[in-house]
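Asks: here's a sequence, model it:
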Amino acid sequence: MTFELGPALLFCPADRPERYAKAFQRADAVILDLEDAVAPADKIAARGHLIESELDPARVIVRINPPETEDFIADLATLSQTDYRRIMVAKAQSPKRIAKIDARFEVVALCETAKGVAQADRIAALDNVVAMMWGAEDLVASLGGTSSRKPNGRYRDIARYARSRVLLAAGARGKAAIDAVHLDIDDVKRLAIEAADAAASGFRASACIHPSQVPVIRAAYRPDEKTTAWARAVLDAAARERGVFSYQGRMVDEPVLRHARGILARAEG
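Replies: Sure thing, here's the model as predicted:
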């Protein structure tokens, strides 16, 4: 099982079916949210809307409630009545519980608690997990904190650690990694900086909460023409050289060539 969606994954509340089509059209994939975006009193109605929806399952992820809750069972029962088979498990923190999820479902594990981040390596190793994501706000709340960001908008060290740990856990197991949402919709500059850093660091995609964030993320993940031209040229040069060689004053070995291949993959994707 592989995860090929991205780079912009847009959350949409599952109790707002009138938004489904727009979210699906605007983003590379839509995350229909049965968890935090839906009030407890509206979850039954949201499940009904999900059953009635007709989106292409290939570009849909459904975020379900944590495995420790009764809503988790109801969510899976609902999905069994649909063609949606890719789920995002909220507050993923128990490898044993995630491993027991019906094998029909591909799992995106959302590590957003202290225990979840601590268990990221074991979760990423599970066969039914196709991708890992991290979340900042619930993580800090689970630690008793009050904010994931400093006054200047940058992540606090604990959030940066969690982001790195989840990315490394995913990469070590050959799984995709998804970067967390940027909650300040108007802060386009910070979103662009973080999305560009995510792409450069190895994240496969970034999640977002508003359609206006989609083009910002796509632009950040798309290499510019100069970078793309360099990647093509250095790979062309490698075809003529043997072993390590010098290109434009820079030593080129296999790690550099892998970077170049990754750049072209993002440009072509």
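
Asks: and the strands in the stretch 51-200 of the chain?
Replies: Secondary structure of the stretch 51-200 of the chain, counting by DSSP state E, counting those that start in this stretch: strands at 60-64, 86-89, 106-111, 129-134, 176-179.

Asks: in this protein, which residue is most central in space?
Replies: Closest to where the C-alpha atoms of the chain average out (Cα atoms, centre = their mean) is I178, at 2.3 Å.

Asks: show me what contacts that one?
Replies: 6, 9, 108, 131-134, 203-207 (Cβ atoms under 8 Å, 6 or more residues apart in numbering). All C-beta atoms are positioned from the backbone trio N, CA, C, and that covers glycine.

Asks: bridged to it, which residues?
Replies: Note on I178: beta-bridge partners by DSSP bridges are M133, A205.

Asks: for K150, what are its contacts?
Replies: Applying Cβ under 8 Å, 6+ apart, the residues near K150 are R156.

Asks: separation between F72 and D186?
Replies: According to Cβ to Cβ, to the nearest Å, F72 and D186 sit 34 Å apart.

Asks: tell me the pLDDT at the closest residue to A237 other than its chain neighbours?
Replies: Closest residue to A237 apart from its sequence neighbours, by Cβ to Cβ, 6 or more residues apart in numbering: Y247 at 5.2 Å. According to the prediction, Y247 has pLDDT 85.

Asks: before we move on, what about R261?
Replies: Model confidence at R261 (pLDDT) stands at 85.

Asks: give the helix, strand or coil label for it.
Replies: Per DSSP: H, G, I helix; E, B strand; the rest coil, the secondary structure class of R261 is helix.

Asks: next one: S246
Replies: strand.

Asks: residues contacting the residue nearest to it when sequence neighbours are not counted?
Replies: In space, and not counting its chain neighbours, S246 is closest to V252: 6.9 Å by Cβ to Cβ, 6+ apart. V252 makes contacts with 234, 237-238, 241, 244-246, as judged by Cβ under 8 Å, 6+ apart.

Asks: out of the residues you listed, which comes closest to Y161?
Replies: Closest approach between the contacts of V252 and Y161, by Cβ to Cβ: V234, at 33.2 Å.

Asks: correct me, but the closest one touches L257?
Replies: Yes - here V234 reaches L257: they are 7.1 Å apart, a contact under Cβ atoms under 8 Å.
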